[in-house]
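Chemist: attaching a predicted model along with its sequence, questions to come.
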Amino acid sequence: MHRMCYSLLVTNVVEFAAPRRHDMPIPYDQLKQALLTEQAALTKELAELQSTIKEEGVGYSTHPADDGTHAFDQARDLAVQVNASRR
């Protein structure tokens, strides 16, 4: 869904930027609805990522390698969250 909306918007931006075109190939209301739908999907994804990050802290495992794996997973989840919030 995300890529479809993005390609739809990019296509329309390119077409809209053309100096000879003054009409919009897709109605404003349809573009607005696509953006609102995308915003809702990204907000939901961001909330899911934030809940994933709020796990128990490092230090309760039985092996030091488990702590390293947990720290890596937290860093990965945080990077995904930051990238998702930039969209």
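Modeler: Noted; the coordinates are in hand.
Chemist: when you work out contacts or count neighbours from here on, use the C-alpha atoms and nothing else.
Modeler: Will do.
Chemist: in the helix of greatest length in the chain, what's buried?
Modeler: In the chain, assigned by DSSP state H, the helix with the most residues is helix 28-53. Buried residues in helix 28-53, counted by 16 or more other CA atoms under 10 Å: 34-35, 38, 42, 46, 49, 53.
Chemist: pLDDT added to these, as CSV?
Modeler: Formatted as CSV, the buried residues of helix 28-53 follow (pLDDT from 0 to 100):
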residue, pLDDT
Ala34, 94
Leu35, 95
Glu38, 95
Leu42, 94
Leu46, 90
Leu49, 81
Ile53, 68
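Chemist: export those to a markdown table and tack on distance to Ala75?
Modeler: Output for the buried residues of helix 28-53, formatted as a markdown table (distance: CA to CA, whole Å):
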| residue | distance to Ala75 |
| --- | --- |
| Ala34 | 32 |
| Leu35 | 29 |
| Glu38 | 26 |
| Leu42 | 20 |
| Leu46 | 15 |
| Leu49 | 12 |
| Ile53 | 9 |
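Chemist: returning to that earlier point: right, and the helix or strand after the longest helix of the chain?
Modeler: Per DSSP states H and E, helix 28-53 leads on to helix 64-85 as the next helix or strand towards the C-terminus.
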